[in-house]
Each structure stands twice: as C-alpha cells, then as structure tokens.
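In: Prediction below, plus the sequence it came from.
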Amino acid sequence: MRAPKTPDATTISGLQAEVQRFCEERAWDQFHGAKDLAIGVVTEAAELLDHFRFLDDAQVAALLADAAKREAVEDELADVLFFVLRFAQRFHVDLAAALGHKMQKNAAKYPVAKAKGKNAKYDEL
C-alpha cells in the first residue's frame with residue numbers, strides 16, 4: 001500500500017480503496033466473509049491489548065516512548081483498521097455515516113450535564 005502524502009489528504013474511501021486493491025491483487029475475497037473479517041477485528045484488537053496487559057500508566061508511557069515497541073503497537077492498530085476498512089468496503093458500510101449516527105446515539109445516552117468527568121455506563125448516570 002502507498003502511504004498517504006499528508007494526513008489531511010487521507011480519506012476513509014481512499015484507505016478502503018487501498019485495502020481493496022491490496023486484497024484483490026491477492027485474490028483474498030474468498031477469505032473475507034463478514035464472519036471472517038469480524039474475527040479479524042477481534043483477533044487484532046486482542047493482539048493490541050496484549051501489549052498493555054498488566055502494565056500501569058508509567059509502564060505504558062515507557063512502552064510508547066520506545067520506538068520499536070511503539071511501532072509494534074502501531075502495527076496492531078493498523079491491523080485493526082485494516083479489518084474495519086475491509087469489512088466496510090466488502091459489505092458497503094459508510095463508516096463516516098455510521099460513526100456520525102453512533103455519535104448522535106452516544107450524545108443522547110451520555111448528555112454532557114450527566115456524563116462530564118464520569119466513566120459510568122449510560123444506565124448508571
């Protein structure tokens with residue numbers, strides 16, 4: 001995949017096109033059903049989480065300050081994003097619209113007046 005020239009030039013559709021091109025060049029559509037891609041999201045998210053297991057905040061800060069360890073974390077984040085983008089591309093999910101819709105739901109569930117500075121679940125506010 002080609003790296004975007006600037007972060008401002010990056011779009012979701014552009015990233016999806018890069019992922020699609022990469023996968024189609026390798027004939028991977030046959031392996032990328034909805035279930036398989038959802039499993040990929042979870043698997044890669046678990047691999048991301050593994051970097052932080054049993055670490056306190058100071059240890060996390062040290063991990064992220066180490067170039068090689070930070071790169072490993074970034075690789076796992078990229079893997080999660082890959083599977084999210086691929087799922088959306090294959091199954092026609094408008095990620096920007098879906099996120100916007102979900103943020104509206106979250107705003108209703110977590111009104112600022114009740115949720116500000118709190119980490120309680122919406123039904124506990």
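Out: Perfect, thanks for sending it.

In: where along the chain do the helices fall?
Out: Secondary structure of the chain (DSSP state H): helices at 12-25, 34-50, 57-65, 67-90, 95-109, 112-115.

In: got the angle for the fourth one vs helix 57-65?
Out: Put simply, helix 67-90 runs at 80 degrees to helix 57-65, going by axes from the mean of the first three to the mean of the last three C-alpha atoms, to 10 degrees.

In: what angle do helix 67-90 and helix 34-50 make?
Out: Going by the same axes, to 10 degrees, helix 67-90 makes 160 degrees with helix 34-50.

In: Just list what helix 67-90 packs against, helices and strands only.
Out: Judged by 3 or more C-beta pairs under 8 Å, 6 or more residues apart in numbering; DSSP states H and E, the packing partners of helix 67-90 are helix 12-25, helix 34-50, helix 57-65, helix 95-109. Where you see a C-beta, it was placed from the backbone N, CA and C, and this is true even at glycine.

In: Name the residues that touch the last one?
Out: Under the contact criterion C-beta atoms under 8 Å, 6 or more residues apart in numbering, helix 95-109 has outside partners 12, 84, 85, 88, 122.
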